[in-house]
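> here you go, sequence then predicted model.
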Amino acid sequence: TKDGQGNISIFNRKGELVGKTKIAFQAKKISAEEKAAYHDYYRTHPIYKQAYTQLKSLIKFPEKFPRIKYFDVSDGLLYVFTFNKKDEKSELYVFDLDGKLKKKLYIGMPELDPHVVFPVIKVFNKKIYQVVENEEDEDAVDLSVTEIKI
């Protein structure tokens, strides 16, 4: 967020400011449970588990997550996912390209793996497309499609 206040500034192709979200996104504090999940990931992952004992003291956490987990622009809308959850559903804001909030909702979708640096996710035609690990075959992936009801 360019203004430092948590708002998203929206620019056109010429770099001119055309809008700004009226919502100031707040960063979510990282809980003890979330920290434990990261440690568990590195402690049990086939690649990292051998070095975990020696390297665990190097794992440091900021106080908060970034304000925005993921965003996409599609179909003339700005989709903004945060780290907040409610009843195991992900918080999603949908704005028009002037920054006006169209809808805030909580959507049930596969959890974005926090350990994947570049998740394979795309919003198109009011649907979220995600490549997720296959639960039964670790060498396979599945395409998950979640409809966004605006």
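Sure thing, it's come through.

> report the separation between Ile10 and Asp72.
Separation of Ile10 from Asp72 (CB to CB, to the nearest Å): 14 Å. Every C-beta, even on glycine, is put in place using the N, C-alpha and C of the backbone.

> overlap in contacts, those two.
Contact criterion CB atoms under 8 Å, 6 or more residues apart in numbering; residues shared by Ile10 and Asp72: Leu78.

> buried ones in the lengthiest helix in the chain?
If you go by DSSP state H, the chain has its longest helix at helix 32-44. Residues of helix 32-44 classed as buried: Tyr42 (neighbour count, 16 or more other CB atoms under 10 Å).

> and for stretch 134-150?
Buried residues in stretch 134-150, defined by neighbour count with 16+ other CB under 10 Å: Ile148.

> quick one: the strands in this structure?
9-11, 17-20, 70-74, 77-86, 89-96, 101-107, 121-124, 127-133, 141-147 (DSSP state E).

> in its sheet, which strands sit next to the shortest one, and in what direction?
Sheet neighbours of strand 9-11, with direction, are listed as strand 17-20 (antiparallel) (DSSP bridges).

> CA-only coordinates of the partner strand in CSV, if you can.
The C-alpha coordinates for strand 17-20 follow below in CSV (Å, rounded to 0.1, in the frame of the first residue of the first chain):
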residue,chain,number,x,y,z
LEU,A,17,-4.0,7.8,-9.7
VAL,A,18,-7.6,6.8,-10.5
GLY,A,19,-8.9,5.5,-7.2
LYS,A,20,-8.1,4.4,-3.7
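
> starting at the chain centroid, how far to that strand?
For strand 17-20, the separation from the chain centroid amounts to 23 Å (computed by CA atoms, centre = their mean, to the nearest Å).

> tell me how far the residue of the chain most remote from its centre lies from Arg43.
In the chain, counting by CA atoms, centre = their mean, Gln54 sits farthest out from the average C-alpha position, at 29.9 Å. Taking CB to CB as the measure, Gln54 falls 12 Å from Arg43.

> cool, Lys149 as well?
Counting by CB to CB, the gap from Lys149 to Arg43 is 39 Å.

> what's the answer for Phe83, then?
As defined by CB to CB, Phe83 lies at a distance of 22 Å from Arg43.
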